[in-house]
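S.K.: structure here, sequence nowhere to be found:
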């Protein structure tokens, strides 16, 4: 009984934007604490008002700086802002709490902004699910702008930015050939391109390359991603970027594609949640973990074929 | 009947190392063609002899060049070699066949090497599952060394390298702060560090930084990852790297940790395969896709809480 009261009190504190309640909830998500699920279920009806902006780019492109500048921009307009910095490189070492504190100092005394790094532990559910849940929390906490930053190279990071309403792809001049080959994949998720460090050599050439690629893209009749030049470290171009985001938002809010995007997002998430649930059921069933290990051993020793093993796991778990 | 004969003929051609049969099979894996599953089940008993070497590093570190040099090294020792270049940035645009052809030219006329880029389409199963299946194919095809290269930043890429017997983490001097923060996560998967472009400024400093981190690591009594300096573009240091790999291989083959690593690998894979299977069952059941879409719409409109929707999907699918 008191647990239910506590859970409702916790949810109420999050709805009120309480920083400690939010932090505790995000930690619960990272740790796959069952309390997080209960909390999210309670808070879900209070969500749906936040605008999610994903910002993705390779290491060294200046994502954090740009996101901090954007956050400041929205704070000047008095919008409550949440920032989720997805750090897929620390699944082993936990969050980057110290880094968050340093970043918060740039917004000292401002209770209208919340910055948090996310890490994930282990395989199940993955980074994109945890980030999506954290975004829901910030949404329920009244953040009208939620900025999600991630190193945008892996499939899981692509899934992270896919949950955003607007996706910004960050590039910098002169990062070499791998970046060139990356752009083809990133192009298809970009709503806006940013060339950061645009005072460096090669910015114009990069602009031309992106334009040339966009010229070849099949379906840009509805929205052609603009290319915004920034020098985030000096705050240059950030207003222009915010304008581009506002234009995109206005464009999509009129468009039937927006609803389709939201439905697609939830289709993917519901399947991912189902998958996590199934794996958890296997692992938490009586002897489930032991049986899995025994089957894995048989497969590793080539005594059993993997698909046969999967069928046995499914049968034992009653699927 | 003739399909079964064909499938067995296909499997036989792969066991014989036939390049076109292999290519067709990897395409089938990428496309989630059910034929791929049947083929893998047939070939599974012929696997287990390959040594899998994962090579991961940020864009611009020279992974492909280093992997090509290593491949050449092993070819000189007459080992059949397979290379899987995981390109998570092209889930939307398909494989990089042209790039593969260019790379193969460096090994022209050598039928003992097979190079292939992998892409994945869509969310289900993911990159790591497809890569693991491709590695099994190359294993069955008699490749004694399978090199897997990937941009190592996302969780899915970490899962990719986790399937390797030996993981090489590639760094280069002077790639900025994000790389510094990355090393903490990468350190825990590295069996060997490579400082490539070691003729650039800052190589010694990077070496010291890695050493300092290793000094702080809790459990390196069994194996302390060596730091190998290379200039892959000139082939410098590649022999030293191959020696380090051989040392690690010798070290682990004596170690009980090797079996535990294989079992852990198959535990993760069996669960991932189960998850894919469950999602596919939902999507391919009668009206499954429509029902999922209808539920996703209800959730997107906040008329239903996501966990309730997941329970409904599970109940309908008989889980």
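M.R.: The structure has been received and is ready for your questions. Because the structure is a prediction, the values reported are computed rather than measured.
S.K.: quick one: contacts for residue A:46?
M.R.: Residue A:46 makes contact with A:15, A:139, A:140 under the criterion CB atoms under 8 Å, 6 or more residues apart in numbering or on different chains. For every residue, glycine as well, the C-beta is placed using N, CA and C.
S.K.: just those: which are in helices?
M.R.: Cross-referencing the contacts of residue A:46 with the helices (criterion: DSSP state H) gives A:15, A:139, A:140 as the overlap.
S.K.: quick one, which of those are buried?
M.R.: Listed as buried from the ones in helices among the contacts of residue A:46 are A:139, A:140; burial here means 16 or more other CB atoms under 10 Å in any protein chain shown.
S.K.: closest to residue B:150 out of the ones in helices among the contacts of residue A:46?
M.R.: Nearest to residue B:150 out of the ones in helices among the contacts of residue A:46 is residue A:139 (CB to CB; 33.2 Å).
S.K.: could you check how far that closest one is from chain B?
M.R.: When distance is defined by CB to the nearest CB, to the nearest Å, residue A:139 is 11 Å away from chain B.
S.K.: with residue A:241 instead?
M.R.: Relative to chain B, and taking CB to the nearest CB, residue A:241 is found at 20 Å.
S.K.: how about the nearest residue to that residue, chain neighbours excluded?
M.R.: In space, not counting the residues next to it along the chain, residue A:241 is nearest to residue A:228; the distance is 4.8 Å by CB to CB, 6 or more residues apart in numbering or on different chains.
S.K.: list the helices and strands the helix or strand encompassing that neighbour packs on?
M.R.: Using DSSP states H and E, residue A:228 maps to strand A:227-229. Contact here means 3 or more CB pairs under 8 Å, 6 or more residues apart in numbering or on different chains; DSSP states H and E; on that basis strand A:227-229 packs against strand A:192-195, helix A:203-216, helix A:238-253.
S.K.: give the pairing partners of the shortest one; include direction for each.
M.R.: This means strand A:192-195. With DSSP bridges as the test, strand A:192-195 is paired with strand A:166-171 (parallel), strand A:227-229 (parallel).
S.K.: quick check: pLDDT value at the residue positioned nearest the centre of chain A.
M.R.: Against the mean C-alpha coordinate of chain A, by CA atoms, centre = their mean, the closest residue is residue A:160 at 3.8 Å. For residue A:160, the model assigns a pLDDT of 71.
S.K.: tell me if it really is in a helix.
M.R.: Yes: when DSSP: H, G, I helix; E, B strand; the rest coil is applied, residue A:160 is found to be in a helix.
S.K.: against chain B, how distant is it?
M.R.: When distances are taken as CB to the nearest CB, residue A:160 and chain B turn out to be 9 Å apart.
S.K.: hmm, back to that, dump the contacts of residue A:46 to TSV, plus pLDDT.
M.R.: Formatted as TSV, the contacts of residue A:46 follow (pLDDT from 0 to 100):
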residue	pLDDT
A:15	96
A:139	97
A:140	97
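S.K.: need the contact list for residue A:235.
M.R.: By CB under 8 Å, 6+ apart, the residues touching residue A:235 are residue A:69.
S.K.: would a markdown table of the helices and strands packed on strand A:227-229 with distance to residue A:315, mean pLDDT and mean neighbour count be doable?
M.R.: Formatted as a markdown table, the entries for the helices and strands packed on strand A:227-229 read as follows, by distance: least, CB to CB, whole Å; pLDDT from 0 to 100; neighbours: other CB atoms under 10 Å in any protein chain shown:
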| stretch | distance to residue A:315 | mean pLDDT | mean neighbour count |
| --- | --- | --- | --- |
| strand A:192-195 | 49 | 94 | 24 |
| helix A:203-216 | 49 | 86 | 14 |
| helix A:238-253 | 46 | 95 | 17 |
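S.K.: and these: which comes nearest residue B:30?
M.R.: Judging the helices and strands packed on strand A:227-229 by CB to CB, what sits closest to residue B:30 is helix A:203-216, at 23.1 Å.
S.K.: and the closest one, what does it pack against?
M.R.: Helix A:203-216 is packed against helix A:177-187, strand A:192-195, strand A:227-229, with contacts defined by 3+ CB pairs under 8 Å, 6+ apart.
S.K.: contacts for the second one, please.
M.R.: By CB under 8 Å, 6+ apart, the residues outside strand A:192-195 that reach it are A:57, A:66, A:166-173, A:203, A:206-207, A:210, A:225-230, A:237, A:241, A:244-245, A:248.
S.K.: in chain A, which spans are strands?
M.R.: The residue ranges that make up the strands of chain A, judged by DSSP state E, are A:51-57, A:81-86, A:113-118, A:145-151, A:166-171, A:192-195, A:227-229.
S.K.: quick one: the shortest one to chain centroid distance?
M.R.: Between the centre of strand A:227-229 and the centre of its host chain there is 22 Å, according to CA atoms, centre = their mean, to the nearest Å.
S.K.: if we can go back for a sec, contacting residues around the residue nearest to the centre of chain A?
M.R.: Contact analysis of residue A:160 by CB under 8 Å, 6+ apart lists A:54, A:56, A:86, A:127, A:128, A:131, A:132, A:148, A:150.
S.K.: again with residue A:36
M.R.: For residue A:36, the contact set (CB under 8 Å, 6+ apart) comprises A:25, A:28, A:29, A:133.
S.K.: also residue A:134?
M.R.: The contact partners of residue A:134, taken as CB under 8 Å, 6+ apart, are A:26, A:29, A:84, A:116, A:118.
S.K.: my guess is the fourth one meets residue A:26, correct?
M.R.: Meaning residue A:116. Yes: Residue A:116 is in contact with residue A:26 according to CB atoms under 8 Å; the separation is 5.5 Å.
S.K.: which regions of the stretch 51-200 of chain A sit below the pLDDT cut-off?
M.R.: Applying pLDDT under 70 to the stretch 51-200 of chain A flags the ranges A:87-99, A:101-102, A:104-105, A:119-126, A:152-159, A:175-187.
S.K.: how about residue A:224: what's its closest non-neighbour residue?
M.R.: Nearest-residue entry for residue A:224: residue A:214, 6.2 Å, with adjacent residues in sequence omitted and distances by CB to CB, 6+ apart.
S.K.: what about residue A:11, distance to residue A:26?
M.R.: Noted for residue A:11: a distance of 14 Å to residue A:26, by CB to CB, to the nearest Å.
S.K.: closest to chain B out of the contacts of residue A:36?
M.R.: Comparing those against chain B with CB to the nearest CB places residue A:133 closest, at 9.5 Å.
S.K.: need the longest helix for chain A.
M.R.: Residue-count comparison of every helix in chain A, with assignments taken from DSSP H, identifies helix A:257-284 as the longest.
S.K.: any idea of the mean pLDDT for that one?
M.R.: The average of the pLDDT scores along helix A:257-284 is 87.
S.K.: over to stretch A:309-318?
M.R.: Averaged over stretch A:309-318, pLDDT sits at 89.
S.K.: residues making contact with that stretch?
M.R.: The list of residues contacting stretch A:309-318 from outside it, by CB under 8 Å, 6+ apart, reads A:278, A:281-282, A:285, A:288, A:291-292, A:295-296, A:298-299, B:270, B:273-274, B:277-278, B:319.
S.K.: can I have the buried ones of the residues you listed as a PyMOL selection?
M.R.: To isolate in PyMOL the members of the contacts of stretch A:309-318 that are buried, counting by 16+ other CB under 10 Å, one can use:
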select buried, (chain A and resi 278+282+288+291+292+295+296+298+299) or (chain B and resi 270+273+274+277+278+319)
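S.K.: can you pull the contacts of residue A:50?
M.R.: By CB under 8 Å, 6+ apart, the contact set of residue A:50 is A:82, A:135, A:138, A:139, A:143, A:144, A:145, A:146.
S.K.: quick one: residues contacting residue A:238.
M.R.: Contacts of residue A:238 were listed using CB under 8 Å, 6+ apart, and they are A:66, A:69, A:70, A:72, A:73, A:230, A:232.
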